[in-house]
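> I would like the atomic coordinates for the input below:
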Amino acid sequence: GDCVVACKKMGKALSFESPLTNALFSDIRIVGKYACRLVAVVAIAGLGFLVYSQVDFSSEPARIKHTLLADKRIVLNHEKFRTLDLLANGMIVVSGIEWPLNGSANWRWQPEGKQGSFKIIPDPRHPENFSLVRVTEDFAKGTSLQFEHNGSALAGYFPKEQYLLTELTDIPQRRDVPFASVEGRVLLYQYANQTYVLTLEVKDPAGVIKKIETNGEHIGMETMLTNVRKWINSPQIIVSEGTVPALPFSTYMKVFFHDGDTEEMLFETSTIVDRSSEEFDDPWF
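The predicted structure is shown next:
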């Protein structure tokens, strides 16, 4: 990248000794200067072509060919997840209870061997943090799945070591609602004196979300606030006091991205997180 400078320093790094060049240019160093620039341009262009030829510009990610897992829907005896869809493009779509009904497709998965074990990678930017779902028997309905967490945040979602595979089917081909690209959650907490509080959360580690609007059976139209890496409702929503709310109920979120795209997520809350030993600290009072 410094051939022009080298030519100037050496005076005559490139030499064109011919009657034609002497007739056209009174100073041969001019020829050397422009020749060096031409060499630099050709070299950079060649390097660019080499890099370009090594890059895969295909919009379709490499498909995973695994007869037991690819494009399969898994249902576990888990109170928070309705389904886990293992897509052949490497995405694992999570839905149910605390996750949107149309699924959150930000997790990734990888097969581990032929028997049916696989990795769940919650954050593709950090593949070293994963949860290994180990299968030690035939992968079918009734199989026991062993969870091993390697620095993965999923340890909080899958606190038990073993779960039972209650359903294994092909993923339905037709979907009316596209998958959500961000991970959203809706949690209903029970505090002391039967105070029930709704908490909304959407992760945004890359800062791609511009605004989130929410509404539902227990809340009016509300714009969520950002908290650096996630969006939350502030203040939290008191659903009821003294009486148990009728379940299930629905919550809607409309996510606006900085690039102009929008996504809609529908949640169906049917479980209650017990915090009855704590007093609810209402930030408004």
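
> Test my guess that Phe96 contacts Glu79.
For residue 96 the amino acid is Gly, not Phe. No - Gly96 lies out of contact with Glu79 (Cβ atoms under 8 Å); the separation is 9.5 Å. Every residue, glycine included, has its C-beta placed from N, CA and C.

> And these two? Which one has more around it.
Gly96 (19 against 10; other Cβ atoms under 10 Å).

> tell me which residues form a beta bridge with the more buried one?
Trp99 (DSSP bridges).

> Next, give phi and psi for Ala155.
Main-chain torsions, Ala155, degrees, to the nearest 10: phi -60, psi -30.

> Just say helix, strand or coil for the closest residue to it other than its chain neighbours.
The shortest distance from Ala155 to any non-neighbouring residue, by Cβ to Cβ, 6 or more residues apart in numbering, is to His149 (4.1 Å). Here His149 is recorded as strand under DSSP: H, G, I helix; E, B strand; the rest coil.

> What residues does His149 make contact with?
Counting by Cβ atoms under 8 Å, 6 or more residues apart in numbering, His149 makes contact with 131-132, 155, 158.

> What is the burial count for Leu198?
Leu198: 22 neighbours (other Cβ under 10 Å).

> so it is in which element?
Leu198 is part of strand 195-203, with elements assigned from DSSP states H and E.

> Mean confidence (pLDDT) on that strand, please.
Across strand 195-203, the average pLDDT comes to 92.

> these two touch, right, Val182 and Pro205?
No - between Val182 and Pro205 there is no contact under Cβ under 8 Å: 9.6 Å.

> more crowded one of these two?
Val182 (23 against 13).

> and the gap between the residue lying closest to the more buried one once chain neighbours are set aside and Arg185?
Take Val182 and drop its neighbours on the chain: the residue closest to it by Cβ to Cβ, 6+ apart is Val202, 5.7 Å away. Separation of Val202 from Arg185 (Cβ to Cβ, to the nearest Å) stands at 8 Å.

> The two: who's more crowded?
Comparing Val202 with Arg185 by neighbour count (other Cβ under 10 Å), the higher total belongs to Val202, at 25 against 18.

> my guess is the more buried one meets Met253, correct?
Yes - assessed by Cβ under 8 Å, Val202 is found in contact with Met253 at 6.8 Å.

> Which residues are in contact with each of those two?
With Cβ under 8 Å, 6+ apart as the test, Val202 and Met253 both reach 184, 212, 224.

> Done for today, thanks.
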